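In: When you get a sec, could you give me coordinates for this:
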Amino acid sequence: MRIALVGLGDIARKAYLPLLAARADLELCLVTRDKAALDELGDAYRISQRHTSLSEALGAGIDAAFVHAATTAHHELVTSLLTHRIPVYVDKPLDLHLGPAEEMVATAQQLGVSLMVGFNRRYAPSYRELADWPDRRIVILQKNRMRLPEPPRQVVFDDFVHVIDTLRFLGVSAPDDLDVTAQLDADGALEHLVIQLRAGGRAAIGIMSRTGGITEEVLEVMGRDRKRRVVNVAEITHYEGSESIIRRDEWRSVADQRGFTAICDEFLGAVGQGRLLSAEDALATHRLCERIVTEIMSG
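Out: Numbering: from 1, shown residues only. Reported below is the predicted structural model:
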């Protein structure tokens, strides 16, 4: 398969390019307006197909695309790819506003083209295992940052979106109730955010401090007579009458641990099989993001 990587920023360099370049079944082409980055990474990974525009890549012919460009460019790039009937994998979020996100998903559905949003935590082994618990009633996820207050919309759609999507995946997919508590600083930047989702006796709580003393991600899932605690998507503590710790597997790659390998396999497998992937559930996460931003700004 001929795969385009559109945008060569931090996440593409750290997660996707090393992973995809190692696959013998893929022929990669790189797409970015940054000629220096194009040559640097093309040389580093021995990728000869290099383009400074998406139209060039489309003209050369591609089977699917990974979009890692800035969020502000997603709508234009994704829409162009979809209208050329090219399956698309795009980094979260689809957009910082709900309207353009809805337009992209609607375009994919109308044209019958796959669109997948990069919620990799759904594919991380330490999180995915917990989805098999039928008795998970309480889910708590903290994702904290140090000295990083930012505008509420930016925080919620660009970072807290992972918390929201994981709570929907493991806790409450369609909440009956939503509670939002937020603190803004004097400049209107978000310092901390706490949400609670409830439905059918289940509760899911998401927490983010942007001014805390640590950068961390801590997930806790509670069922009947058992509990799991996962730190930074890697170290797992089991509580079932006693405590046992499974530490990070030093031999397992970060791409495997954080779900990047499995989510890429899912997307590329669907492309190879001609199987349609829908972003409708990912859109539900974006809709919840918009509700939360509205609550914060009206509060």
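In: Chain neighbours aside, what residue packs nearest to the residue nearest the centre of the chain?
Out: Note on the chain: the residue nearest the mean C-alpha position is residue 119, at 2.8 Å, using CA atoms, centre = their mean. Nearest non-adjacent residue to residue 119, counting by CB to CB, 6 or more residues apart in numbering: residue 165, 4.8 Å away. Every residue, glycine included, has its C-beta placed from N, CA and C.
In: How far does the helix or strand hosting the one you found sit from its chain's centre?
Out: Assigned by DSSP states H and E, residue 165 belongs to helix 161-170. Taking the mean of its C-alpha atoms, helix 161-170 sits 10 Å from the chain's own mean (CA atoms, centre = their mean, to the nearest Å).
In: what's downstream of it, the next helix or strand?
Out: Taking DSSP H and E, what comes next after helix 161-170 is strand 177-184.
In: Quick one: residues in contact with that next one.
Out: With contact meaning CB atoms under 8 Å, 6 or more residues apart in numbering, strand 177-184 is reached by 152, 190-199, 288, 291-292, 295-296, 299.
In: just stretch 43-56 next, same as before
Out: 4, 6, 17, 21, 27-33, 35, 38-39, 41-42, 57, 60, 77, 80-81.
In: and the gap between residue 126 and residue 161?
Out: Applying CB to CB, to the nearest Å, the value for residue 126 to residue 161 is 19 Å.
In: Identify the residues contacting the longest strand along the chain?
Out: In the chain, taking DSSP state E as the definition, the longest strand is strand 190-199. For strand 190-199, contacts defined as CB under 8 Å, 6+ apart pick out 149-152, 155-156, 160, 164, 167-168, 171-185, 203-212, 292, 296.
In: List only buried entries from these.
Out: With burial judged by 16 or more other CB atoms under 10 Å, the buried subset of the contacts of strand 190-199 is 149, 152, 155-156, 160, 164, 167-168, 171-172, 175, 180, 182-184, 203-212, 292, 296.
In: Setting the sequence-adjacent residues aside, check what's closest to residue 234.
Out: Per CB to CB, 6+ apart, closest to residue 234 is residue 248, 4.0 Å.
In: so who does that neighbour touch?
Out: Applying CB under 8 Å, 6+ apart to residue 248 gives the contacts 234-235, 257.
In: now these as JSON lines including pLDDT, neighbour count and distance to residue 279?
Out: Listed next are the contacts of residue 248 as JSON lines, based on pLDDT from 0 to 100; neighbours: other CB atoms under 10 Å; distance: CB to CB, whole Å:
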{"residue": "234", "pLDDT": "91", "neighbour count": "18", "distance to residue 279": "28"}
{"residue": "235", "pLDDT": "93", "neighbour count": "15", "distance to residue 279": "31"}
{"residue": "257", "pLDDT": "94", "neighbour count": "17", "distance to residue 279": "24"}
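In: What about those, which are in helices?
Out: residue 257 (DSSP state H).
In: nearest to residue 67, of the contacts of residue 248?
Out: residue 257 (23.5 Å; CB to CB).
In: How about the contacts made by that closest one?
Out: 124-126, 233-234, 248-249.
In: Alpha carbons of stretch 101-119, as CSV, please.
Out: Output in CSV follows, covering the C-alpha atoms of stretch 101-119 (Å, rounded to 0.1, in the frame of the first residue of the first chain):
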residue,chain,number,x,y,z
ALA,A,101,-15.7,18.2,12.9
GLU,A,102,-19.3,17.4,12.0
GLU,A,103,-18.7,18.4,8.4
MET,A,104,-15.7,16.1,8.0
VAL,A,105,-17.6,13.1,9.5
ALA,A,106,-20.6,13.8,7.3
THR,A,107,-18.4,14.0,4.2
ALA,A,108,-16.9,10.6,5.0
GLN,A,109,-20.3,9.1,5.6
GLN,A,110,-21.8,10.5,2.4
LEU,A,111,-18.9,9.4,0.3
GLY,A,112,-18.5,6.0,2.0
VAL,A,113,-14.8,6.6,2.8
SER,A,114,-13.1,5.6,6.0
LEU,A,115,-12.2,8.3,8.5
MET,A,116,-10.5,7.3,11.8
VAL,A,117,-9.5,9.7,14.6
GLY,A,118,-6.3,8.9,16.5
PHE,A,119,-7.6,8.0,20.0
